[in-house]
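Trainee: Give me a model of this one.
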Amino acid sequence: MRTSSVEFSDGRTIPSAFVCPVCENSGDKAYVLTAKNTQTEKDTESELFLYLCVACRSLVYHPYPNIDYAQHTSRELSIRDYIEFNGAIDLVAKNILRVIPDGGRPGRLLDIGCGFGFGLDAIRSIMGWQVKGFEPSHYGDLGREQLALDIVNDFAATNTTSEDLYDVVHCSEVIEHVHDPHEFIAILKSFLVEDGVLILTTPDADRIHSRTDPSSLLALLSPGAHTIIFNDQALVEALKKAGFQYVEIDKSAASMLVYASRVPLGFHARSESQSATLLHRHLKEALSKARPGSSLEIGLRYRLFRSAIDTGNYRLAEEAFAPNLADANPSLGGIATLDDFAARWPLCIAASTYYLGMLKLIHRSEYRDAARHFRAATSLCRTKIDLSPSTAVVESDLIWRAVYHEALALKYAGDHLRALAHLASFVGFQHTHNPPVPEDLQSAVTALRNSLAGEIRSA
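Mentor: Numbers count the residues shown, from 1 in each chain. Just a heads-up that it's a prediction; the model follows:
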């Protein structure tokens with residue numbers, strides 16, 4: 001079965017025997033899929049082969065792809081996409097804050113593969129911790145300059161000094177890129193104090209199947225960049241082999257969230273309100289320092305605007321919004337590439353237009369204008385998905401939410417017939433549309449459709 005640039009085996013076999021880098025099993029590996037390289041323009045037609053280790057159930061590309069991490073994110077478009085939109089400040093901060101208690105002494109955080117340094121900046125601002133990062137790509141240079149962070153523009157090597165130890169080592173979406181995961185885990189461990197906590201995120205091998213929507217699948221596979229996609233239990237075993245006796249894994253998202261330590265893990269719960277207050281305070285402070293009109297200013301403003309709406313802080317959302325974050329009548333003519341798209345709008349435009357629709361729907365009661373913004377967001381999502389599916393994971397989820405909320409806005413505006421007709425887009429739900437309708441949206445669509453049909457019949 002072919003999904004975009006990915007072709008699953010469908011029972012075909014391409015036998016291969018190699019040593020699994022996770023469990024060291026040397027037996028035959030089961031062929032899973034072929035994927036086209038998505039990382040470099042010159043290699044887009046080259047094919048990569050993914051295999052299943054039947055012993056540990058991890059997935060391994062064989063042979064490994066070749067990639068220069070100092071260069072592969074050097075394009076302005078990649079940098080803009082990360083800073084304006086896809087760098088997950090809120091999620092990274094939330095994951096780290098889970099192991100930091102309120103009111104304790106300021107600690108030390110190391111982020112290996114820190115990208116632009118958003119997570120470092122957040123923990124420094126929120127908790128007053130001393131922070132440092134390693135990042136070999138151009139992201140690190142920019143983060144060091146624009147966020148005034150201690151970021152080493154290099155790969156991390158084994159730490160040999162007791163003066164360079166940290167309470168928390170964070171490593172998000174990195175271990176799936178390495179050739180030797182055991183050596184890499186040993187490097188991570190070398191930076192931790194005895195009772196320190198290692199935090200990892202990495203794609204979940206259980207999510208690699210043809211039912212996963214194409215954008216999410218490409219992001220998980222990252223053909224040309226990833227080497228290993230771990231089975232959860234295989235990763236636990238690798239961590240325990242390295243001396244991390246206590247390991248907890250959260251598999252609720254497409255990437256696993258892993259906490260590991262040599263001592264029992266302690267988590268510190270904060271309410272959604274408390275977490276939002278901390279994040280908003282940080283984003284406002286960071287926004288006040290960003291150069292107006294820069295990608296950093298756009299990205300921070302979008303994240304503050306979105307988070308304010310998600311948490312019902314509509315006053316803050318009104319303060320954070322800027323006109324360049326939305327386009328209710330996008331002109332899509334002449335856009336053939338993602339560069340064309342980025343020349344016209346910030347790369348968060350589809351999502352921020354959707355969120356302005358939500359503000360108009362929920363807070364301002366401007367129902368027809370909300371419907372117009374949801375319609376525009378749908379068009380922008382579709383365009384971004386078509387142009388760059390591997391970077392359009394958020395848009396693949398939002399596109400159907402925009403369709404649903406347009407129908408809901410039309411209902412509130414009294415246009416029940418148009419609203420019901422609009423919901424016809426959802427007929428068939430999963431396996432009919434590309435991308436598929438999110439499962440958590442289907443019951444809401446059914447309820448709205450039934451409500452509209454009943455109101456029309458009784459009118």
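Trainee: which residues of the chain fall in strands?
Mentor: 2-3, 6-8, 16-17, 28-36, 47-52, 59-61, 108-112, 130-134, 151-152, 166-172, 192-203, 228-229, 246-250, 255-261 (DSSP state E).
Trainee: what's the least confident stretch among these?
Mentor: Lowest mean pLDDT within the strands of the chain: strand 2-3, a mean of 48.
Trainee: for the protein, which spans come out with low pLDDT?
Mentor: 1-4, 11-13, 15, 40-45, 72-74, 427-434 (pLDDT under 70).
Trainee: rewinding a little: may I see the strands of the chain organised as JSON lines, with distance to Ala459 added?
Mentor: C-beta: built from backbone N, CA, C; applies to glycine. Shown next, in JSON lines, are these (distance: least, Cβ to Cβ, whole Å):
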{"stretch": "strand 2-3", "distance to Ala459": "43"}
{"stretch": "strand 6-8", "distance to Ala459": "48"}
{"stretch": "strand 16-17", "distance to Ala459": "64"}
{"stretch": "strand 28-36", "distance to Ala459": "51"}
{"stretch": "strand 47-52", "distance to Ala459": "55"}
{"stretch": "strand 59-61", "distance to Ala459": "55"}
{"stretch": "strand 108-112", "distance to Ala459": "58"}
{"stretch": "strand 130-134", "distance to Ala459": "61"}
{"stretch": "strand 151-152", "distance to Ala459": "62"}
{"stretch": "strand 166-172", "distance to Ala459": "53"}
{"stretch": "strand 192-203", "distance to Ala459": "50"}
{"stretch": "strand 228-229", "distance to Ala459": "53"}
{"stretch": "strand 246-250", "distance to Ala459": "48"}
{"stretch": "strand 255-261", "distance to Ala459": "48"}
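Trainee: which one of these lies closest to Asp81?
Mentor: Closest to Asp81 of the strands of the chain, according to Cβ to Cβ: strand 166-172, at 16.6 Å.
Trainee: Please enumerate residues in contact with that closest one?
Mentor: Outside strand 166-172, the residues within contact range by Cβ atoms under 8 Å, 6 or more residues apart in numbering are 92, 95-96, 99-100, 107-114, 119, 132, 188, 191-193, 196-201.
Trainee: Now do that strand against strand 108-112, angle only.
Mentor: Relative orientation of strand 166-172 versus strand 108-112 (axes from the mean of the first three to the mean of the last three Cα atoms, to 10 degrees): 30 degrees.
Trainee: Give me the angle between strand 166-172 and strand 130-134.
Mentor: If you take the same axes, to 10 degrees, strand 166-172 sits at 40 degrees to strand 130-134.
Trainee: The stretch 151-300 of the chain: helices as residue ranges?
Mentor: Under the criterion DSSP state H, counting those that start in this stretch, helices of the stretch 151-300 of the chain are mapped to 181-190, 214-221, 232-241, 272-289, 295-310.
Trainee: If anything else comes up later, I'll come back, but that's it for now.
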